[in-house]
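In: I'll drop the sequence and a predicted model, then ask my questions.
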Amino acid sequence: MHYKNGRPAKNGDKVVLIPSYGPPVIGILYDAQAGNDYCNGRLAPIGPSDPCPNLKEVLHLDDFLGALPAEVPDLSTAD
């Protein structure tokens with residue numbers, strides 16, 4: 001995976017998208033798959049009001065999902 005200027009691309013990079021229409025977008029590249037430079041990956045826009053968390057209060061998504069029960073109990077019939 002490479003950017004327009006030939007630099008290697010990797011998930012987590014801060015990037016600038018200059019579309020053929022609309023304003024430029026600054027964001028973080030994610031979900032890009034190796035071996036494809038076209039319509040590959042997603043861009044999470046960065047904004048001035050983005051949360052600024054303490055990392056001691058944050059979990060990796062995989063760890064959070066792994067802690068969920070395999071089956072969610074149906075509580076709609078509980079009294």
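Out: Yep, that arrived.

In: Check which helices and strands the longest strand seen in the chain sits against.
Out: Using DSSP state E to assign secondary structure, the strand with the most residues in the chain is strand 25-30. Packing partners of strand 25-30 (3 or more C-beta pairs under 8 Å, 6 or more residues apart in numbering; DSSP states H and E): strand 14-17, strand 42-45. In short, each C-beta sits where N, CA and C put it, glycine included.

In: Pull up the pairing partners for the first one, direction included.
Out: Its sheet considered, strand 14-17 pairs with strand 25-30 (antiparallel) by DSSP bridges.

In: Confidence-wise, which helix or strand of this protein is lowest on average?
Out: One helix or strand of the chain scores below all others by mean pLDDT, DSSP states H and E: helix 61-67, with a mean of 84.

In: Any regions of this structure where pLDDT drops low?
Out: 72-73, 78-79 (pLDDT under 70).

In: Thank you kindly, that will do.
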